[in-house]
Structure formats: structure tokens, C-alpha cells
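Engineer: turn this into a model:
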Amino acid sequence: MPHPVLHPATQMTQLSGDRLQLRGVDIHVTLRDRNGALREVLASCDGTRSREAIVAIAAREFAKDEIHGLLDVLVAQNFVVEEDISFGLEPLVHYTDVIRRRLSPLDEDIPTAVGGPKTVGLFGTGIVAESVAKRVATIGWNVVRQPDDMADLGLLLAVSDNYDHRFFRGINCRAVERGRPLLIGGMDQNRIHLGPFVLPGATACFECFYHRSRA
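Structural biologist: Alright, predicted model coming up:
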């Protein structure tokens, strides 16, 4: 089983006394944090430790079955993830490959030496961005992280750990202005969302999608 890791959307706030507030996707709770043990458990959910190792860390303050119960609740509420989310990114990587191959004839005027059809510009930080960067590279595409110049890029990818609409709208605006194709992907709780795909001059853009989804 993958090692427990905090969901990218989880935020911790220390309140007065021994209270700790957790905020996630569409949920927030306030818990008592006896001697800082809860914060220590959450800090240990960094993807490098097994569940048993995390339980052992907190065993000096809580019984082991209490820690297992706490982790079960945190996973159920999506504050902590025990699944390998990179598996859910396979469709995004697959469609990146398909789109790039189909767009290649459109990019013949872009010198491959400075980018061209084999180069993908990746915008975003966090778990999803790191996983996408590694996996796209394995299918033979060059990946440029956070590029300032889009002119020489064959495809743009904008990814976010929490499907950040404001971030996507900003990248969409730049992509449309420069006529660069854009594929968007993000994570909502423990689900991966793919799309829309924006081909300036041929499809609707993310701004259109954003307003229609709220109409």
C-alpha cells in the first residue's frame, strides 16, 4: 500500500489552546491536539513513511488502535491520501501523447532545435505536476517547466493539485493570446479531472468552459 501523504488541499491552522483546525476540499474540522501529537502525525504523512511507522511515532501519546482509527478518519475525509494518485494520471499522459502526435503537422514551422512538436510546456507545482513531468518525459517528450516564452512549445499543460480555476484561467489567457494548444488537468479530492483541451481558433477556451459550468 502507498505511504500516507497529506492531500495537497489540506491546510492546518493552530488555534488557541490545544485546538487544531484542518481544512480540506469542501470540509473543515477542529480537533483537540494533545501535546502536539496530532500535528506530529500529520507532519509524518509525507509519503516517505508507512502507516506502521507513523503509528509508532505517535505511540508514546496514543494507543496504536487510536492512531489507526485517526488515520482511517483522515483518509475517509480526504485529508490524507493512501492511494497512488499517479495511476490516475495515466489518461492525462496518454492524451498528451495523442494530442501532440496529431498536432505535429501543425507545428512544422517551429524548429525542433528550439522546441517544436516534441516539447511540452508544463505549468503548475505540487504532486500532480511532479508526477506528470516524470511520466510525460517517459513517453519521449521534452518537458519545459514554467516557461516564460510559449512560442516554441508544441503543447501546453496546466495542472493543479486542487483544480485551481484562477490559475487555469490565467494560463488559458496566455495560451489563447499566443495561439498555443492547452490541455488542463487537476485533482479534486482523490479524483483526477482531465480537460478541457483548448485549441485556439478551433475550440472554446477554458474561460468559456468556466462560465458555462456556472451558468
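
Engineer: which element follows the worst-scoring helix or strand of the chain on mean pLDDT toward the C-terminus?
Structural biologist: Within the chain, confidence by mean pLDDT, DSSP states H and E is lowest for helix 90-103 among all helices and strands, at a mean of 64. Using DSSP states H and E, the helix or strand that follows helix 90-103 in sequence is strand 116-123.

Engineer: and that next one, which strands flank it?
Structural biologist: Paired strands of strand 116-123, with direction, are strand 142-145 (parallel), strand 153-160 (parallel) (DSSP bridges).

Engineer: got the contact list for stretch 4-21?
Structural biologist: Here stretch 4-21 makes contact (C-beta atoms under 8 Å, 6 or more residues apart in numbering) with 22-25, 28-35, 38-39, 42, 45-47, 49, 51, 54, 71, 75, 78-82, 126-128, 161-162, 187, 189-190. (C-beta placed from N, C-alpha, C; glycine too.)

Engineer: just the buried residues of those residues.
Structural biologist: 22, 24-25, 33, 38, 42, 45, 49, 51, 54, 71, 75, 78-82, 126-128, 161-162, 187 (16 or more other C-beta atoms under 10 Å).

Engineer: helices - which of the residues you listed land there?
Structural biologist: 38, 42, 51, 54, 71, 75, 127, 128 (DSSP state H).

Engineer: list the contacts of the first one.
Structural biologist: What it means is residue 38. Contacts of residue 38 (C-beta under 8 Å, 6+ apart): 20, 31, 32, 70.
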